[in-house]
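In: just to be clear, the model below is a prediction. Sequence and coordinates:
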Amino acid sequence: MPALIYHPTFAEQLATAKWFDAKDLPIEASEAYEVLITTGEADIVDIYVDLAVLYFVCTDYGYSTYHALPRRFIEKSWKRAHEVLNEATIVFGNEPEFLFWHKYFDFVVLGDSPFDDECQQWVARSNTLVPYFYLFSVVDTDKYKEQATKLFELVKYGHTAKERYIKSILEPRLKVKRT
């Protein structure tokens, strides 16, 4: 009788990726997320966003040093952050969160121009609160405090690199006690 080969379900693969991400194991998390998007079954916007932001975070010198990330992985991370968002756009169309992260990565790393007008358009036509961390911290802390506080409540436990990153930007500006 031939040996049975176990193939994890999509839900099990997703749980594995999320577990590695929650444990702040970037290489393992990125590999697990990559498996999800290469199977063609990844029909969840957040999978792509979580992976892209994970790659973006890996390009940070402090983060990459703390995790002793190999240079080749760091170099790949910058490129893959954008590629993953491009792949997501092909699958889902021009979701505002994809557009936001593209602009945000280049704003932070390359020093591109501020993009508050675009952010305001994206939040006006979608349900995402994500651009509010940028609008709150860069543009106007008073005007966007309510939305930033709502977003903070969603990310305060830091289950993914994306959540931890947003939390790290909002927490000191909202003067929230660490959880």
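Out: Structure's in. What do you need?
In: closest to the centroid, which residue in the chain?
Out: By Cα atoms, centre = their mean, the chain has its centre lying nearest to V53, at 3.0 Å.
In: where's that one, which helix or strand?
Out: Using DSSP states H and E, the element containing V53 is helix 45-58.
In: now that helix: buried residues?
Out: Buried residues in helix 45-58, defined by neighbour count with 16 or more other Cβ atoms under 10 Å: I47, Y48, V49, D50, L51, A52, V53, L54, Y55, F56, V57, C58. Yep, even glycine has a C-beta here, placed from its N, CA and C like the rest.
In: surely the residue nearest to the centre of the chain meets I169?
Out: No. Using Cβ atoms under 8 Å, V53 makes no contact with I169, being 12.0 Å away.
In: just to revisit the earlier point, and which of the buried residues of helix 45-58 is nearest L85?
Out: L85 has its nearest neighbour among the buried residues of helix 45-58 in A52, at 5.0 Å by Cβ to Cβ.
In: from what I can see that closest one touches S77, true?
Out: No. At 9.8 Å, A52 and S77 do not qualify as touching, with contact defined as Cβ under 8 Å.
In: now the helices for this protein?
Out: Along the chain, the stretches classed as helices by DSSP state H are 10-22, 26-38, 45-58, 61-66, 71-92, 96-110, 116-124, 131-134, 145-155, 161-174.
In: and the ones you listed as JSON lines, adding mean pLDDT and distance to P2?
Out: Listed next are the helices of the chain as JSON lines, based on pLDDT from 0 to 100; distance: least, Cβ to Cβ, whole Å:
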{"stretch": "helix 10-22", "mean pLDDT": "94", "distance to P2": "23"}
{"stretch": "helix 26-38", "mean pLDDT": "95", "distance to P2": "24"}
{"stretch": "helix 45-58", "mean pLDDT": "96", "distance to P2": "33"}
{"stretch": "helix 61-66", "mean pLDDT": "97", "distance to P2": "44"}
{"stretch": "helix 71-92", "mean pLDDT": "96", "distance to P2": "35"}
{"stretch": "helix 96-110", "mean pLDDT": "96", "distance to P2": "43"}
{"stretch": "helix 116-124", "mean pLDDT": "94", "distance to P2": "52"}
{"stretch": "helix 131-134", "mean pLDDT": "96", "distance to P2": "52"}
{"stretch": "helix 145-155", "mean pLDDT": "96", "distance to P2": "47"}
{"stretch": "helix 161-174", "mean pLDDT": "96", "distance to P2": "40"}
